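Asks: can't give you the sequence, but here's the structure:
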């Protein structure tokens, strides 16, 4: 019965489908090894996500700040964290590459097989606060078998604003 009424499944991505924390820590550790940096990369990752993403989105949702792409929010916080953690001497190219770690997050081990099974029966898509390009590049990197990409960027508001969910349903003609 459920299969007759459910046509699409949409997924949160960060932490649900991909391991953002482990991916950021691993890339930070690789950067640290190449530059001779001794940093608590787990703390760095947590600060980047909580302060740079969660708090920034809360300010936007409250109307305190205008809407901005997540890549911009991540970069702004990364610049602050580099100073806070005493990381100096990185080129703009290295900083930009590290900021785009969010485009290269690795999936949880069961995510791709699980999504692939669901894809056979339902339309599957992310519905994420991540930018459209970020989600597209992440899907390619991680092998995520989405039918389409739904990003809050399409609606210029962040979850849990109802416009994101209603917009996704409208775009999928549900």
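Replies: Okay, I see it. Remember, predicted model here, so these are calculated numbers, not experimental data.
Asks: contacts and neighbour counts: CA atoms only from here.
Replies: Noted.
Asks: Give me the below-cutoff pLDDT ranges for this structure.
Replies: The chain contains residues with pLDDT under 70 at 1-3.
Asks: And the helices in it?
Replies: Under the criterion DSSP state H, the chain carries helices at the ranges 2-5, 20-35, 41-49, 55-61, 70-84, 92-99, 111-119, 132-142, 162-171.
Asks: any idea of the angle the longest one forms with helix 41-49?
Replies: Put plainly, it is helix 20-35. 120 degrees (axes from the mean of the first three to the mean of the last three CA atoms, to 10 degrees).
Asks: Now render the helices of the chain as a markdown table, adding mean neighbour count and distance to residue 151.
Replies: Formatted as a markdown table, the helices of the chain follow (neighbours: other CA atoms under 10 Å; distance: least, CA to CA, whole Å):
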| stretch | mean neighbour count | distance to residue 151 |
| --- | --- | --- |
| helix 2-5 | 7 | 24 |
| helix 20-35 | 17 | 17 |
| helix 41-49 | 18 | 18 |
| helix 55-61 | 17 | 14 |
| helix 70-84 | 16 | 11 |
| helix 92-99 | 13 | 19 |
| helix 111-119 | 15 | 18 |
| helix 132-142 | 19 | 5 |
| helix 162-171 | 15 | 8 |
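Asks: Of all the ones you listed, which one comes closest to residue 152?
Replies: helix 162-171 (5.9 Å; CA to CA).
Asks: Residues contacting the closest one, please?
Replies: With contact meaning CA atoms under 8 Å, 6 or more residues apart in numbering, helix 162-171 is reached by 127, 150, 152, 155, 157, 158, 159.
Asks: What is the nearest of those to residue 96?
Replies: Using CA to CA, residue 152 comes nearest to residue 96 of those, at 22.5 Å.
Asks: Is there a neighbour count for the closest residue to that closest one other than its chain neighbours? I'd like the number.
Replies: Using CA to CA, 6 or more residues apart in numbering and skipping residues adjacent in sequence, the residue nearest residue 152 is residue 129, 4.9 Å away. When neighbours are counted by other CA atoms under 10 Å, residue 129 registers 26.
Asks: neighbour-wise, which of the contacts of helix 162-171 leads?
Replies: Counting by other CA under 10 Å, top hit in the contacts of helix 162-171: residue 150 with 28 neighbours.
Asks: For that one, give me its contacts.
Replies: 125, 126, 127, 128, 132, 168.
Asks: From residue 68, how far out is the third one?
Replies: According to CA to CA, to the nearest Å, residue 127 stands 17 Å off from residue 68.
Asks: same deal with the second one?
Replies: Computed with CA to CA, the distance linking residue 126 and residue 68 is 19 Å.
Asks: one step back: looking at the contacts of residue 150, which two lie furthest apart in space?
Replies: 132 and 168 (13.3 Å).
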